[in-house]
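Colleague: What would the 3D arrangement of this be:
(2 chains)
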Number of protein chains: 2
Amino acid sequence: MANHVDTLDRLFVALADPTRRQVIRRLGRGPASVTELSRPFPITLPSFMKHVGVLERTGLISTTKSGRVRTCELNRDRLDLVDGWLAEQREIWETRTDRLESLVTQEERP
Amino acid sequence: MANHVDTLDRLFVALADPTRRQVIRRLGRGPASVTELSRPFPITLPSFMKHVGVLERTGLISTTKSGRVRTCELNRDRLDLVDGWLAEQREIWETRTDRLESLVTQEERP
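Modeller: Reported below is the predicted structural model:
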């Protein structure tokens, strides 16, 4: 449980950055090299590598090196954890809404 | 667009804390006073108020004061923004999966 909380903390931190969110979006279309991924961003390669490191440590992406090329790939199951948390919240609201609705219906009954 | 990016950044930061996520979960069941909300947490009231402040500044919750009681309420539309971002990513993957599937089908055709 503590580990799950910690994982969610780190996932939300990783997603709280526009560069990292752009990288995730790009990798949704398929694997890409670090060089290709870094191209749209007006930052140095070492700065970009820090973002790659954050994403890799949370497990949001995996990287493999072949020769001089490091290729990144998205791990969707990590985003599923975030999705799961949001789904839990929705379930709580919906249970509440259903309960309120059933109260209203009971009151409206003659 | 820049504003939307900034809002997402702040939303993800706000969600990257277990106390704040617990507060959101509790408020999913309905509004509650700060005193009631703070009860499960082994932290001082000033520390707890900092978390309330973060949630309020991102718009995830609203608070109203009546006499000495401050009541908090969840704003679901803010979580919908996070949900929307995740849904966008899913759409990108699914488009890709569909494309891969149609390629495979084409190759299998006699």
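
Colleague: Can you report phi and psi for A:Leu60?
Modeller: Here is the backbone geometry of A:Leu60 (degrees, to the nearest 10): phi -70, psi -30.

Colleague: which residue sits closest to it in space, ignoring its chain neighbours?
Modeller: Of all residues not flanking A:Leu60 in the chain, A:Arg78 sits nearest, at 4.7 Å (CB to CB, 6 or more residues apart in numbering or on different chains). Just so you know, the C-beta spots here come from the backbone N, C-alpha and C atoms, and that holds for glycine as well.

Colleague: can I assume the one you found is in contact with A:Ser62?
Modeller: No - assessed by CB atoms under 8 Å, A:Arg78 is found out of contact with A:Ser62, at 10.1 Å.

Colleague: Looking at these two, which is more packed in?
Modeller: Neighbours per residue (other CB atoms under 10 Å in any protein chain shown) separate A:Arg78 from A:Ser62, with A:Arg78 holding more: 20 against 13.

Colleague: Would you mind listing what in chain A touches chain B?
Modeller: A:5, A:8-13, A:15-18, A:21, A:24-25, A:28-30, A:74, A:76, A:79, A:82-83, A:85-86, A:88-89, A:92-93, A:96 (CB under 8 Å from any CB of the partner chain).

Colleague: Which members of these occur in strands, if any?
Modeller: A:Leu74 (DSSP state E).

Colleague: Go through the lowest-mean-pLDDT helix or strand in chain A and flag the buried ones.
Modeller: Across the helices and strands of chain A, mean pLDDT, DSSP states H and E gives its lowest value to helix A:76-108, namely a mean of 86. Across helix A:76-108, burial judged by 16 or more other CB atoms under 10 Å in any protein chain shown covers A:78-79, A:82-83, A:85, A:89, A:92-93.
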